[in-house]
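Colleague: Sequence first, predicted coordinates after that:
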Amino acid sequence: MFDQPTYQQKISRFTRRELLRLWKSIEASDTPEWEAGRAFEYLVLRAFELEGAEVRWPYRVELGGEEIEQIDGVVYSDGLACLIECKDSIEKTKIEPIAKLRNQLLRRPVATIGIVFSRSGFTEPAETLTRFVAPQTILLWHGAEMEFALQRKYMRQGLREKYRHCVENGNFYHDLRLGKKP
């Protein structure tokens, strides 16, 4: 069981520079002061928060006294409400987290979108599945994009860019490093 208030207090003091150092530690799988995967979750949320987005830190959803979901976080930015799922692994993310997020989105208002952040990217089947989760919208961010956005203070703008690309092209994956596509 993780100590959410302690992690939240810890990360809330991080500047962008400290987030970039934490990112390098995450990439090196060297975050011994964090429970597995937690550093990445909190880094993503803090990066959005530093740019002015409203965030809801990781939490659990209960129904009838029983835990039914663990949510890695929520980001509210520029009219978008986004459920966040983070995968901190040296292996590419498979389809299971995308299927899990799709099911979580089914219980939310239709305008809610999902975002999966994966340090190591996604398998081809995971990327393919994302194209077929409609009417739910799930956007994918891989680690190199995360670093790109952190370095440029581009989390919120990157989210808008990915969302617009999805709306305009029907493609749920757009690499931020390539810039806007016509």
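Modeller: Thanks, I have the structure now. Residues are numbered from 1 along each chain as shown.
Colleague: can we go C-alpha only for contacts and neighbour counts from here?
Modeller: OK.
Colleague: Buried residues in the longest helix along the chain, which are they?
Modeller: Secondary structure of the chain read by DSSP state H shows that its longest helix is helix 155-169. Neighbour counts over helix 155-169 (16 or more other CA atoms under 10 Å) mark Met155, Arg156, Gln157, Gly158, Leu159, Arg160, Glu161, Lys162, Tyr163, Arg164, His165, Cys166 as buried.
Colleague: And these, which two are furthest apart?
Modeller: Put simply, by CA to CA the two of the buried residues of helix 155-169 set farthest apart are Met155 and Cys166, 16.4 Å from each other.
Colleague: For Arg152, give me the backbone phi and psi.
Modeller: phi -110, psi 10 (degrees, to the nearest 10).
Colleague: Go through the buried residues of helix 155-169 and name the one nearest Ile113.
Modeller: Nearest member of these to Ile113, counting by CA to CA, is Tyr163, at 9.3 Å.
Colleague: how about that closest one, what does it touch?
Modeller: Listed by CA atoms under 8 Å, 6 or more residues apart in numbering, the contact partners of Tyr163 are Leu139, Phe172.
Colleague: same check, this time on Phe40
Modeller: Trp23, Ile26, Cys86, Lys87, Asp88.
Colleague: Show the pLDDT at Met155.
Modeller: Note for Met155: predicted pLDDT of 98.
Colleague: mind showing which ranges of this structure have poor pLDDT?
Modeller: 1-3, 180-182 (pLDDT under 70).
Colleague: And the longest strand seen in it, what does it pack against?
Modeller: Secondary structure of the chain per DSSP state E: the longest strand is strand 80-87. Judged by 3 or more CA pairs under 8 Å, 6 or more residues apart in numbering; DSSP states H and E, strand 80-87 is in contact with helix 38-50, strand 66-71, strand 73-77, helix 96-106, strand 113-118.
Colleague: Same list (those) but as JSON lines, adding distance to Leu139.
Modeller: Listed next are the helices and strands packed on strand 80-87 as JSON lines, based on distance: least, CA to CA, whole Å:
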{"stretch": "helix 38-50", "distance to Leu139": "14"}
{"stretch": "strand 66-71", "distance to Leu139": "16"}
{"stretch": "strand 73-77", "distance to Leu139": "13"}
{"stretch": "helix 96-106", "distance to Leu139": "10"}
{"stretch": "strand 113-118", "distance to Leu139": "5"}
